[in-house]
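Enquirer: Structural data only, the sequence is not supplied:
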DNA sequence: CAATAGTTTCAGAAACTTTTGAAAGTTTCG
DNA sequence: CGAAACTTTCAAAAGTTTCTGAAACTATTG
């Protein structure tokens, strides 16, 4: 599988030996907790429609006390240089990872955005909102067509169009509702540092 | 692309001619509105991590005044028999499409679940909750590991473990919050017919 | 400015997902 | 029961996404 040097730790044996990590920078394996978390975040993120490696890289950075270089990420996660580079630039584009300048170092270092809510709201804003707006426009267009059909001379056609119009309206209402929720969450998020929590607590008290 | 009989309508020309659909059962093309809606639902659903054809089939059924047979769906959407069969059984498993017995007909007919909220809450319940519960368990496991490390003799290891513990805790809190919201939405949904709407309207008034 | 360090790109490979359609399996009916 | 109608299955094909690694590129340093 890999021809890396002797492991310092694997998820089976006790976490670390004292001497094994005394020089922290020599590590080339994730600890068990890091492995678990990067795996689960990878899955979650994949489920969410992103690449698994985006989640894994983000998670490793999120758990790192210091910014990491592309090379370190490559070692930790057994990825190719290309994959690390491409994935990092995607993460940078999404604004969930930042480049960090490290004194006296030539290479770039990367750190995770640690404000979870900020991160998620950014994704919601760009991705979900676009998708939902597109759907809303499409439903409205469909309703136009159905209105035309409803005026058709053929009563079979007209009748079907009327029923369909009702159903598409339902979809439209639903989509608009969804958009409203998103907007609401997003605007709350902008004002406040940990807004989701407060928002939800308030809601769940009243529900 | 296909060797089907002459089209009755395409999305360019005026919806339907009177005679073209006088025998409604002869239709083998979707009308423009149906085409738009099934396309957009297909995309939305794909974005959501399901197969595009699940969305398309559901949408066609949703817009159909009467239940449709597998064969009709095949014709409308230009799919193979196999694809229709497999996709329908998936939709049945998700409970978003039902088999309908039609008097005097030998074949099976299918109808869409029209309660949008009911549908979505079912999916949330099965899929999202499983995913989030898995994540929660994993984060808890990671915290165990980090606790062990924090007790390590090596102060470098212990210090890192403490920081990581904090961060994983954040993730855990976040995931728990998410689970709470889901539970809340789902329990609301069970009681009430159009609960999301009410729920959200209440929230958006107070927000 | 040449050598070195580091990063990005991209064509092909690998992995994964979805679809096809023919064959096997069921059910219904005379 | 046997034929016809209909449905499901499944191996192979097609399609899609992601990853690799070498080459091209850029920036830094002696």
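Expert: Yep, that arrived. Everything quoted here is computed from the prediction, not taken from an experiment. Numbers count the residues shown, from 1 in each chain, chains lettered A, B, ... in the order given.

Enquirer: Contact partners for the residue most central in space within chain A?
Expert: Nearest residue to the geometric centre of chain A (Cα atoms, centre = their mean): residue A:45, 5.4 Å. Shown in contact with residue A:45 (Cβ atoms under 8 Å, 6 or more residues apart in numbering or on different chains): A:51-52, A:54-55, A:58. In short, each C-beta sits where N, CA and C put it, glycine included.

Enquirer: which of those lies closest to residue A:27?
Expert: Proximity of the contacts of residue A:45 to residue A:27 (Cβ to Cβ) peaks at residue A:58, which lies at 18.8 Å.

Enquirer: Would you agree the closest one is in contact with residue A:48?
Expert: No. Using Cβ atoms under 8 Å, residue A:58 is not in contact with residue A:48; the gap is 12.0 Å.

Enquirer: quick one, which of those two is more surrounded?
Expert: Neighbours were counted for residue A:58 and for residue A:48 using other Cβ atoms under 10 Å in any protein chain shown; residue A:58 has more, 25 against 15.

Enquirer: Which residues of chain A lie near DNA strand D?
Expert: Proximity of chain A to DNA strand D, by Cβ under 7 Å from any atom of the strand, involves residues A:51-53, A:78-83, A:86-87, A:106.

Enquirer: Can I get these in TSV including neighbour count?
Expert: Shown next, in TSV, are the residues of chain A next to DNA strand D (neighbours: other Cβ atoms under 10 Å in any protein chain shown):
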residue	neighbour count
A:51	16
A:52	17
A:53	22
A:78	12
A:79	18
A:80	9
A:81	11
A:82	9
A:83	16
A:86	15
A:87	24
A:106	6
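
Enquirer: Within reach of DNA strand C, which of these are there?
Expert: Okay, of the residues of chain A next to DNA strand D touching DNA strand C (Cβ under 7 Å from any atom of the strand), that's A:81-82, A:86, A:106.

Enquirer: how about these, which pair is most distant?
Expert: Spatial extent of those (Cβ to Cβ) is set by the pair A:86 and A:106 at 21.3 Å.

Enquirer: now the helices for chain A?
Expert: Here chain A has its helices, by DSSP state H, at A:32-47, A:52-62, A:70-77, A:81-93, A:116-123, A:129-150, A:155-191, A:195-206.

Enquirer: what's the most buried one of those?
Expert: helix A:52-62 (a mean of 24; mean count of other Cβ atoms under 10 Å in any protein chain shown).

Enquirer: low-scoring stretches of chain A, by residue?
Expert: Applying pLDDT under 70 to chain A flags the ranges A:1-25, A:189-207.

Enquirer: and it, which residues reach DNA strand C?
Expert: So chain A meets DNA strand C at A:69-71, A:81-82, A:84-86, A:88-89, A:106-108 (Cβ under 7 Å from any atom of the strand).

Enquirer: rerun at 6 Å
Expert: Neighbours of DNA strand C within chain A, by Cβ under 6 Å from any atom of the strand: A:69-71, A:81-82, A:85-86, A:89, A:106-108.

Enquirer: what's the closest of those to residue B:123?
Expert: residue A:86 (31.8 Å).

Enquirer: any idea how far the closest residue to DNA strand D within chain A is from residue A:52?
Expert: Nearest residue of chain A to DNA strand D (Cβ to the nearest atom of the strand) works out as residue A:82 at 2.0 Å. For residue A:82, the distance to residue A:52 equals 16 Å [Cβ to Cβ, to the nearest Å].

Enquirer: quick one, phi psi at the residue of chain A most remote from its centre?
Expert: No residue in chain A sits farther from the centre than residue A:153, which is 50.4 Å out by Cα atoms, centre = their mean. Main-chain torsions, residue A:153, degrees, to the nearest 10: phi -70, psi -30.

Enquirer: same check, this time on residue A:94
Expert: According to degrees, to the nearest 10, residue A:94 has phi -80, psi -10.

Enquirer: what about it, how many residues close to it?
Expert: For residue A:94, the count of nearby residues is 17 (other Cβ under 10 Å).

Enquirer: correct me, but it touches residue A:123?
Expert: Yes. Here residue A:94 reaches residue A:123: they are 6.5 Å apart, a contact under Cβ under 8 Å.

Enquirer: show me the residues around residue A:138 that make contact.
Expert: Residue A:138 touches B:36-37, B:39-40, counting by Cβ under 8 Å, 6+ apart.

Enquirer: One more: residue A:67?
Expert: A:61, A:100, A:102, A:109-111.

Enquirer: Adding distance to residue B:30, write those residues out as TSV.
Expert: Listed next are those as TSV, based on distance: Cβ to Cβ, whole Å:
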residue	distance to residue B:30
A:61	47
A:100	53
A:102	58
A:109	54
A:110	48
A:111	50
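
Enquirer: ok, of those residues, which one's closest to residue A:171?
Expert: If you rank those by distance to residue A:171 using Cβ to Cβ, residue A:61 comes first, at 39.7 Å.

Enquirer: For that closest one, which non-adjacent residue is closest in space?
Expert: Nearest residue to residue A:61 in three dimensions, chain neighbours excluded: residue A:112, at 3.7 Å (Cβ to Cβ, 6 or more residues apart in numbering or on different chains).

Enquirer: Give the burial count for that neighbour, as a bare number.
Expert: Neighbour tally, residue A:112, other Cβ under 10 Å: 22.
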